[in-house]
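What would the 3D arrangement of this be:
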Amino acid sequence: MPKQTTLPPLNKPRILVEKSGRRLTVFDDGRAVKTYRCTVGTNPADKTREGDRCTPEGQFYVCVKNPQSRYTRSLGLSYPDVEDAARGLRDGLISREHHDLIIAAIVKGTRPPWKTPLGGKIMIHGAGNGRDGTAGCVALNDRDMLQLYPAIPLHTRVTIVP
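A predicted model of the protein is given here:
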């Protein structure tokens, strides 16, 4: 049987990333459709700030699709989210203005500010071949990313767990 080169049409897609298992699973209407091996941040903790080399944990959505990514293709995630903004404000990492901009973007379902001390620009992208870890993104091998990218629309829910 030949390898599947595309995902079937998805009605209600959702993505689950399991950091410790280095797995990205695509679900459709609650049913697992495909699982890919992935690479995540070199630091296994939850992301708290720019440069910590951690992949964030929590509930996100695809807020950007980049077909011209230098990493084959990329799906941008809505990090930082509401909880990250609250933590960042409480811990003095971000200003009230940054907090409010993050909250407004999440409420509207758009891309939150990515240039804050919390970090940002977390992607699911290709160019994962042979990598031991990333700076915080989720990397797939190029063939898998080319398969995943067209099947995942904007606003697809992405859950990242330890």
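
Tell me if I am right that residue 106 is in a strand.
No - Residue 106 is assigned helix when assessed by DSSP: H, G, I helix; E, B strand; the rest coil, not a strand.

Tell me where the chain has helices.
Ranges of helices within the chain are 82-90, 96-108, 142-148, based on DSSP state H.

and these as CSV, adding distance to residue 37?
To be clear about C-beta, it is placed using only N, CA and C from the backbone, and glycine gets the same treatment. As requested, these are exported to CSV (distance: least, C-beta to C-beta, whole Å):
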stretch, distance to residue 37
helix 82-90, 27
helix 96-108, 30
helix 142-148, 8
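
Name the surrounding residues that touch the strand ranked longest in the chain.
Ranked by residue count, the top strand of the chain under DSSP state E comes out as strand 58-66. Here strand 58-66 makes contact (C-beta atoms under 8 Å, 6 or more residues apart in numbering) with 46, 73-79, 81, 83-84, 105, 109-112, 122-124, 149, 152-160.

Let me have the helices of the chain in CSV, adding distance to residue 62, mean pLDDT and mean neighbour count as columns.
As requested, the helices of the chain are arranged in CSV below (distance: least, C-beta to C-beta, whole Å; pLDDT from 0 to 100; neighbours: other C-beta atoms under 10 Å):
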stretch, distance to residue 62, mean pLDDT, mean neighbour count
helix 82-90, 17, 97, 18
helix 96-108, 13, 98, 16
helix 142-148, 11, 96, 18
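
Quick one: closest of those helices to residue 136.
helix 82-90 (12.7 Å; C-beta to C-beta).

what angle separates the closest one from helix 96-108?
170 degrees (axes from the mean of the first three to the mean of the last three C-alpha atoms, to 10 degrees).

Dump helix 82-90 to CSV, restricted to CA.
Output in CSV follows, covering the C-alpha atoms of helix 82-90 (Å, rounded to 0.1, in the frame of the first residue of the first chain):
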residue,chain,number,x,y,z
VAL,A,82,-4.6,35.0,28.1
GLU,A,83,-3.0,33.0,30.9
ASP,A,84,0.5,33.8,29.7
ALA,A,85,-0.5,37.5,29.6
ALA,A,86,-1.9,37.4,33.2
ARG,A,87,1.3,35.6,34.5
GLY,A,88,3.5,38.0,32.6
LEU,A,89,1.8,41.1,34.0
ARG,A,90,1.7,39.6,37.5
